[in-house]
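Chemist: fold the following for me, if possible:
(one chain, ligands or ions: 2)
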Amino acid sequence: MVKLAYKLMELVALSLGLPADRFHGFFKDQTSYIRLNHYNPYPSPSPSPHLALGLGIHQDSGVLTILNEDDVGGLEVKRKTDGEWVQVKSTPDAYIINIGDNTQVWTNDEYESVEHREVVNSERERFSIAFFLHASSYTMVEPLEELTSEQNPAKNRAYSWGKFIAHKKWSDFQKLSVENVQISHLTDFRISK
Ligand SMILES: O=C(O)CCC(=O)C(=O)O
Ligand SMILES: [Fe+2]
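Modeler: Ligands and ions are numbered 1, 2, ... in the order given. Here you go, the predicted structure:
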């Protein structure tokens, strides 16, 4: 997984005219992990099936996510152009690659992380496995200087990855009864939209 994730970040670097190993230094003491997700079906008949979210609206805050899922489906991404929720076709024999907030910041929005959620159905349980490529906790995340200029100024302030994660965990914990507890706090660091 780690090797595949590095390869993908090499492609991101090359696509932006950067050396292939441009991102490697961020992963010396990486905080990556794998999560196994299990979504139970909602009880049927349900009074409000549209509220049956397995995982609320969020953006992945790390570098990138490599996701494998079974054939049940339920992942939805928010289309930026019109805000519509679009179903992602279930692809058990492939990986779904999700760009995370760190990559958006590093590339100064050349790559964008996308809002997504997981809806459950009334018939079948669903399993997915997500590998999250995360930087070393002492990483300062900020737009790469090669990608910023006077004409294209930085769109985000620098922030500490370790402090960000600590803040996110703490505030998720505080807001356990609130919808969308996982929503990204990246906006705190935003300079312009
Ligand atoms: O299970 C899924 O399809 C999505 C999981 C996800 O978005 C996450 O774990 O961050
Ligand atoms: Fe996610």
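
Chemist: so the residue nearest the centre of the chain, which state does it fall into?
Modeler: Most central in the chain under C-alpha atoms, centre = their mean is residue 60, positioned 1.8 Å from the mean C-alpha point. Here residue 60 is recorded as coil under DSSP: H, G, I helix; E, B strand; the rest coil.

Chemist: quick one: residues contacting it.
Modeler: Counting by C-beta atoms under 8 Å, 6 or more residues apart in numbering, residue 60 touches 98-101, 113, 132. All C-beta spots, glycine's among them, are computed from the backbone N, C-alpha and C.

Chemist: now, which of those lie within strands?
Modeler: Judged by DSSP state E, the contacts of residue 60 include 98-99, 132 as members of strands.

Chemist: let's have those in a markdown table, adding neighbour count, distance to ligand 1 and pLDDT.
Modeler: A markdown table is the format used below for the ones in strands among the contacts of residue 60 (neighbours: other C-beta atoms under 10 Å; distance: C-beta to the nearest ligand atom, whole Å; pLDDT from 0 to 100):
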| residue | neighbour count | distance to ligand 1 | pLDDT |
| --- | --- | --- | --- |
| 98 | 21 | 7 | 96 |
| 99 | 20 | 12 | 97 |
| 132 | 22 | 7 | 98 |
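
Chemist: nothing else from me, thank you.
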